[in-house]
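Q: 3D model of this:
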Amino acid sequence: MARLWLLLILQCLWSVASSFGVAKRAYHVAQSLPTSPLPPSQDPFYTAPPNFAAAAPGAILRLRRAPDVTAVLQNCSVAYNILYRTTDSQYHPTWAVTTLYLPLATPANSTNSTSGTDSTGSGNTNTTSYSPGSYLLSYQTPYDSANIDLSPSYTVYGGALNAYGIPAFLGRGWYINVPDYEGPDASFTAGVQSGHATLDSVRAVLNAGLGLALDVKYAMSGYSGGALASEWAAELQVQYAPELQFVGVALGGLTPNATSVLETINGGGAADLIPNAILGLISQWPDAKAFILSQLKPSGEFNASTFLETLTAPSSFDSVFNGQDIANYFINGISTLSNPIIQRVINSDAIMGYHGVPRMPVFAYKAIADEISVVADTDALIERYCGIGADILYQRNTVGGHTAEFINGNLRQADWLAAAFAGTLSEAFNGTSGPGAGCTVQNVTVAIVTFPS
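A: Below is the predicted model of the structure:
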């Protein structure tokens with residue numbers, strides 16, 4: 001959840017390394033290749049086949065080579081769309097789409113070297129050697145929208161993935177999985193749906209093969225709304241996908257409490273996130289959806305028609321709502337969100353920390369002055385997990401705000417992920433990170449950029 005439109009400048013901060021690609025498993029792949037992308041609402045690929053619910057979570061329902069992305073995504077050789085079975089927030093069968101991006105081809109058994117400032121700012125570099133297909137990163141982007149046509153499998157063609165450093169990850173030689181984790185109803189902020197869909201996207205990619213090594217190592221990452229999906233996946237993994245053995249998860253700009261975020265951003269420049277969040281969350285809960293729709297004002301300046309235009313808005317950043325008190329759209333004002341029907345949904349699907357404890361190493365990073373989600377919420381979540389035996393390196397940046405920390409933290413999290421893949425977390429981070437390391441909380445000052453939001 002964030003104002004991440006400025007983040008294209010990140011591309012200038014990354015160095016591009018040699019990368020590789022591998023052969024696909026042809027027998028999984030649909031023979032028809034679309035010549036140009038269609039919005040998910042118009043693309044027949046984005047529909048569940050009959051009897052899909054009988055399939056196991058993570059089972060592949062459809063697979064195709066995606067329309068060519070090489071013109072809009074540097075360091076990518078080919079991409080595949082995978083429709084897979086997953087589970088919604090009420091534990092009912094549903095489906096989602098993920099896209100697997102393969103890096104450019106280099107000889108087998110190549111050495112991939114990457115350099116950059118490590119998380120302590122010491123200037124250390126990472127060098128790793130591995131065979132093609134060894135590392136898979138599931139990167140959850142913050143698409144923050146209740147409109148399915150803003151899913152990343154489609155917005156990639158407008159250059160959306162460049163803002164999140166995906167070309168640099170591909171340049172490191174990693175396979176990149178980018179799920180449409182909000183699912184077919186664009187359920188933004190529905191944590192259980194997002195976590196399930198993220199975990200099942202990894203299952204689907206591993207089932208597909210597509211050149212991945214049998215002993216492939218895999219990790220997750222995401223910032224803001226992408227960290228929401230990644231955190232819920234880490235939280236749910238033990239109970240929902242115990243066979244998955246992630247080497248780590250990097251979580252930036254966490255938003256642990258949806259109610260707290262709403263209170264923080266209402267009336268400000270990020271208020272447009274609130275209609276998306278409300279409509280995304282209630283899409284998973286019919287009773288809550290019916291209640292919210294009944295409470296929207298039918299006429300006047302702040303009316304239901306304007307509120308519901310969010311569902312088809314061409315961008316999740318809709319300036320119509322910026323600076324507005326979103327309570328004005330409801331007949332009973334802000335008390336609408338305190339109704340027991342809504343509170344039950346929020347408590348079960350929009351507050352982190354109550355569905356499980358991450359059993360993989362965690363790197364969390366956040367600006368102390370984050371203006372989207374107060375740092376105290378993340379402090380409390382980390383403290384909760386640390387008290388139950390999680391392995392966490394948590395860095396609180398003394399400079400910048402929510403968007404600045406995306407840029408300030410991206411190289412740090414990339415180096416942490418590289419060490420997780422290489423199995424050198426403890427060595428690379430002085431024993432403060434990795435399996436069995438326990439919890440370390442650090443205040444750091446990393447100021448690549450310093451603007452507050």
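
Q: The stretch 351-453 of the chain: strands as residue ranges?
A: Counting by DSSP state E, counting those that start in this stretch, the segments of the stretch 351-453 of the chain that form strands are 362-367, 392-397, 439-444.

Q: So which elements touch the last one?
A: With contacts taken as 3 or more Cβ pairs under 8 Å, 6 or more residues apart in numbering; DSSP states H and E, strand 439-444 sits against helix 375-386, strand 392-397. (C-beta placed from N, C-alpha, C; glycine too.)

Q: Deepest in the core, which of the ones you listed is it.
A: strand 392-397 (a mean of 24; mean count of other Cβ atoms under 10 Å).

Q: could you give the angle of that one to strand 362-367?
A: Angle of strand 392-397 versus strand 362-367, following axes from the mean of the first three to the mean of the last three Cα atoms, to 10 degrees, is 10 degrees.

Q: average pLDDT for strand 392-397?
A: In this model, strand 392-397 carries a mean pLDDT of 98.

Q: distance between that strand and the chain's centre?
A: 19 Å (Cα atoms, centre = their mean, to the nearest Å).

Q: C-alpha coordinates for that strand, CSV please?
A: Taking Å, rounded to 0.1, in the frame of the first residue of the first chain, the C-alpha atoms of strand 392-397 are listed here in CSV:
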residue,chain,number,x,y,z
ILE,A,392,14.3,-12.0,12.5
LEU,A,393,16.7,-9.2,11.5
TYR,A,394,14.6,-6.0,11.8
GLN,A,395,16.1,-2.7,10.7
ARG,A,396,14.4,0.6,11.5
ASN,A,397,15.7,3.4,9.2
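
Q: contacting residues around stretch 285-292?
A: Stretch 285-292 has contacts (Cβ atoms under 8 Å, 6 or more residues apart in numbering) with 89-90, 278-279, 281-283, 336, 339, 341-342, 344-345, 349.

Q: Quick one: these as JSON lines, columns for secondary structure, neighbour count and pLDDT too.
A: Output for the contacts of stretch 285-292, formatted as JSON lines (DSSP: H, G, I helix; E, B strand; the rest coil; neighbours: other Cβ atoms under 10 Å; pLDDT from 0 to 100):
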{"residue": "S89", "secondary structure": "coil", "neighbour count": "24", "pLDDT": "98"}
{"residue": "Q90", "secondary structure": "coil", "neighbour count": "14", "pLDDT": "97"}
{"residue": "I278", "secondary structure": "helix", "neighbour count": "26", "pLDDT": "98"}
{"residue": "L279", "secondary structure": "helix", "neighbour count": "24", "pLDDT": "98"}
{"residue": "L281", "secondary structure": "helix", "neighbour count": "26", "pLDDT": "98"}
{"residue": "I282", "secondary structure": "helix", "neighbour count": "25", "pLDDT": "98"}
{"residue": "S283", "secondary structure": "coil", "neighbour count": "24", "pLDDT": "98"}
{"residue": "T336", "secondary structure": "helix", "neighbour count": "20", "pLDDT": "97"}
{"residue": "N339", "secondary structure": "coil", "neighbour count": "15", "pLDDT": "97"}
{"residue": "I341", "secondary structure": "helix", "neighbour count": "15", "pLDDT": "98"}
{"residue": "I342", "secondary structure": "helix", "neighbour count": "22", "pLDDT": "98"}
{"residue": "R344", "secondary structure": "helix", "neighbour count": "13", "pLDDT": "98"}
{"residue": "V345", "secondary structure": "helix", "neighbour count": "23", "pLDDT": "98"}
{"residue": "D349", "secondary structure": "helix", "neighbour count": "25", "pLDDT": "98"}
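
Q: Which two of these have the greatest separation?
A: Q90 and T336 (21.8 Å; Cβ to Cβ).

Q: distance of the nearest residue to V362 once chain neighbours are set aside from A233?
A: Nearest non-adjacent residue to V362, counting by Cβ to Cβ, 6 or more residues apart in numbering: I392, 4.4 Å away. As defined by Cβ to Cβ, to the nearest Å, I392 lies at a distance of 16 Å from A233.

Q: show me what contacts S230?
A: Per Cβ under 8 Å, 6+ apart, neighbours of S230: 138, 140, 198, 220-222, 249-251.

Q: so where is the stretch 1-150 of the chain shaky, pLDDT-wise?
A: 1-34, 106-130 (pLDDT under 70).

Q: Repeat the analysis, applying 80 as the threshold.
A: 1-35, 105-132 (pLDDT under 80).

Q: will you turn the contacts of stretch 285-292 into CSV that also has distance to E405?
A: Formatted as CSV, the contacts of stretch 285-292 follow (distance: Cβ to Cβ, whole Å):
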residue, distance to E405
S89, 28
Q90, 34
I278, 25
L279, 27
L281, 25
I282, 29
S283, 29
T336, 32
N339, 34
I341, 35
I342, 30
R344, 32
V345, 29
D349, 26
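
Q: could you point out the longest helix in the protein?
A: helix 402-422 (DSSP state H).

Q: how much does it deviate in direction from strand 392-397?
A: Using the same axes, to 10 degrees: helix 402-422 against strand 392-397 is 150 degrees.

Q: Checking A250 next. Helix, strand or coil?
A: Recorded secondary structure, A250: strand (DSSP: H, G, I helix; E, B strand; the rest coil).
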